[in-house]
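Chemist: let me see the structure of the following:
(2 chains)
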Amino acid sequence: MRDLFANLYSRVVSFFKSTEEIGEQTKEVARNRLKLVLMQDRTNLTPAVLERMRGELINLLSKYVELDKELLELNFEQEGEQMALMLSIPVVRAKTEEEIQKAIQEDEALKNVALADDEDENEEDEGKKEESSEESEEEVNEEEASEDTKEETAEKSETEENEEKEEEVNEEESSEDTKEETSEEPKEEGVKEESKKSKKGNETEK
Amino acid sequence: MTGRVIVITSGKGGVGKTTTSANIGTALAKAGNKVVLIDTDIGLRNLDLLLGLENRIVYTIVDVVEERCKLKQALVKDKKNPNLALLAAAQTRDKSAVTEEQLKGICEELKKKYDFILLDCPAGIEQGFQNAVAGATEAIVVTTPEMSAVRDADRIIGLLEAKEEIESYKLLLNRVRPNLIKENDMMSVEDVVEILSCKLIGIIPEDTGIITSTNKGEPIVNVEKSLAGQAYRNVAQRIMGEDVPFLELDKQENPIIAKIKDIFAKLKGKV
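Modeler: Purely as a prediction, here's the structure:
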């Protein structure tokens, strides 16, 4: 008799559970939307600024590795008290040493040009990509122009402007260093980061 | 064109102001009106979430007021309905970021191009409430059949009556549970209306669908079969001046049968 009731009970429970699972579909949606919104609230990063950050990161990293830009994922995760910026980009192909050296040289050359002539800020590699995301950048510029960066940005070239924004955007990410000193260290870091992230990216794809 | 400016307010928090704003706004837009929803809850914005527009906001009402952008630029178009736009609140500031005059100015400008401007008011009776009410000429007071909500609604009605600009206000009774009313464990619609002596504009039944629709960021008026959705659509019709009878909620069947039906409906949906 007791078995009968236990059986009945478990059946009823499983019956209700199965209906709850339907609810979980939207639960997952809510969870993800909420996470994203809270991240935006906590970091003061609007979707437009995030998009800009994405673009800048792609430009920076593609100097050293060929990336799948479409699959880049940029997330903030809370790890205890520490907020972590998680970047996941599948690596399409490792660049050859020559390509990397070339990128560095181009970068150096540009920096010299930028130093010599403030107005000349055409960048062969980055210029094109930045054009595509120009719209969102303009918006952001307008937004932030009111802040005390106004004077400085007016004087500085586009690349330097970007660096400033990134600084504001994330204190932990010292992108300025990687850009200014195109020495060996930051490059290596970049590659390491990429390899880690590519693994992650592949996992998520699966 | 001169649009109507309606503030949706309640006094008490959590009674469904934002849900009501999102749904009435969407329903009015679906009926062919040009509608702007303004979130005046600066610092605690949520209307964007209920409409599923949280990732499209570039500028907020504070950006408009501080002249970082034009009003038109800050209006976020709804995903589905081009007649519906949202002017979002800033999340990083507080209620002092916008003044009554500024909000009035925004409403005046929007009136020229839109049929309805709905202001989602913050909870409380402080500056945020004052700001939201300043721009409006009509009000919808949202309450639930609970003591605290009714008491706060009464206070709000008193404040609205003292405002010269507010020409009319109506009551929207939210989260009504006919089964509880039947068992005499909840004040009935008639009870609340009698206590507040205020005209009704809608009775919205408690509906679990509200939770899932909020999760998805899609107002429940877009769900054809939902009873709450129907109730909100009726409210929109009444705002437009049509005489729509109130839904008869007590006609609903026995709760157990309803629950079983609900489960079967869900199972069917799953298969």
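Chemist: in a helix, B:Val36, correct?
Modeler: No. B:Val36 is assigned strand when assessed by DSSP: H, G, I helix; E, B strand; the rest coil, not a helix.
Chemist: that one against B:Tyr114, yeah?
Modeler: Yes. The pair B:Val36 and B:Tyr114 passes the contact test of CB atoms under 8 Å, sitting 5.1 Å apart. For glycine as for every other residue, the C-beta is placed from the backbone atoms N, C-alpha and C.
Chemist: tell me the secondary structure at residue 105.
Modeler: Here I'm looking at chain A. Per three-state DSSP, A:Gln105 ends up helix.
Chemist: re earlier: shared neighbours of B:Val36 and B:Tyr114, anything?
Modeler: Shared contacts of B:Val36 and B:Tyr114, defined by CB atoms under 8 Å, 6 or more residues apart in numbering or on different chains, are found at B:Ala85.
Chemist: neighbour-wise, which of the two wins?
Modeler: Set B:Val36 next to B:Tyr114 and count neighbours by other CB atoms under 10 Å in any protein chain shown: B:Val36 wins out with 26 against 23.
Chemist: can you pull the contacts of the more buried one?
Modeler: B:Leu75, B:Leu84, B:Ala85, B:Leu86, B:Leu87, B:Leu110, B:Tyr114, B:Phe116, B:Ile117, B:Leu118.
Chemist: partner residues bridging it?
Modeler: Listed beta-bridge partners, B:Val36: B:Ala85, B:Ile117 (assigned using DSSP bridges).
Chemist: identify the residues contacting B:Ile166.
Modeler: Applying CB under 8 Å, 6+ apart, the residues contacting B:Ile166 are B:Val133, B:Ala136, B:Thr137, B:Glu138, B:Ala139, B:Leu160.
Chemist: mind checking how far it is from B:Leu200?
Modeler: B:Ile166 sits 17 Å away from B:Leu200, going by CB to CB, to the nearest Å.
Chemist: domains in chain A, by residue range?
Modeler: A:1-43, A:44-205 (automatic domain parsing).
Chemist: rank these by pLDDT, which is bottom?
Modeler: Among the domains of chain A, domain A:44-205 has the lowest mean pLDDT, at a mean of 61.
Chemist: how many neighbouring residues does A:Glu79 have?
Modeler: Residues near A:Glu79, counting by other CB under 10 Å: 8.
Chemist: show me where the stretch 151-271 of chain B has helices.
Modeler: For the stretch 151-271 of chain B, applying DSSP state H, counting those that start in this stretch gives helices covering B:178-182, B:189-196, B:209-216, B:227-239, B:255-270.
Chemist: sorry, back to before: which one of the contacts of B:Ile166 sits closest to chain A?
Modeler: Proximity of the contacts of B:Ile166 to chain A was ranked by CB to the nearest CB; the top entry is B:Val133 with 26.7 Å.
Chemist: need the contact list for the closest one.
Modeler: Contacts of B:Val133 (CB under 8 Å, 6+ apart): B:Val7, B:Thr9, B:Leu119, B:Cys121, B:Ala139, B:Leu159, B:Leu160, B:Lys163, B:Glu165, B:Ile166.
Chemist: same question, B:Leu87
Modeler: Residues near B:Leu87 by CB under 8 Å, 6+ apart: B:Val36, B:Leu37, B:Ile38, B:Asp39, B:Thr60, B:Ile61, B:Val64, B:Leu71, B:Ala74, B:Leu75, B:Val76, B:Ile106.
Chemist: measure it to B:Cys69 for me?
Modeler: Taking CB to CB, one finds B:Leu87 at 11 Å from B:Cys69.
Chemist: hmm, back to that, any idea which of the helices of the stretch 151-271 of chain B is most buried?
Modeler: Ranked by mean neighbour count, the helices of the stretch 151-271 of chain B are led by helix B:227-239 with a mean of 22 (mean count of other CB atoms under 10 Å in any protein chain shown).
Chemist: tell me which residue in the stretch 101-250 of chain B sits closest to chain A.
Modeler: For the stretch 101-250 of chain B, CB to the nearest CB, closest residue to chain A: B:Asn215, 3.6 Å.
Chemist: so that residue sits against B:Leu49, correct?
Modeler: No. If you go by CB under 8 Å, B:Asn215 and B:Leu49 don't touch, sitting 9.8 Å apart.
Chemist: assign B:Gln130 to helix, strand or coil.
Modeler: Going by three-state DSSP: B:Gln130 is helix.
Chemist: ok, it touching B:Glu100?
Modeler: Yes. At 6.1 Å, B:Gln130 counts as touching B:Glu100 under the criterion of CB under 8 Å.
Chemist: how close does B:Leu227 sit to B:Val142?
Modeler: 18 Å.
Chemist: same question, B:Lys182
Modeler: For B:Lys182, the distance to B:Val142 - CB to CB - is 23 Å.
Chemist: A:Met86 now?
Modeler: 40 Å.
Chemist: next one: B:Ile57
Modeler: 24 Å.
Chemist: which one's more surrounded, those two?
Modeler: Per other CB under 10 Å, whichever of B:Ile57 and B:Val142 has more neighbours is B:Val142, with 28 against 23.
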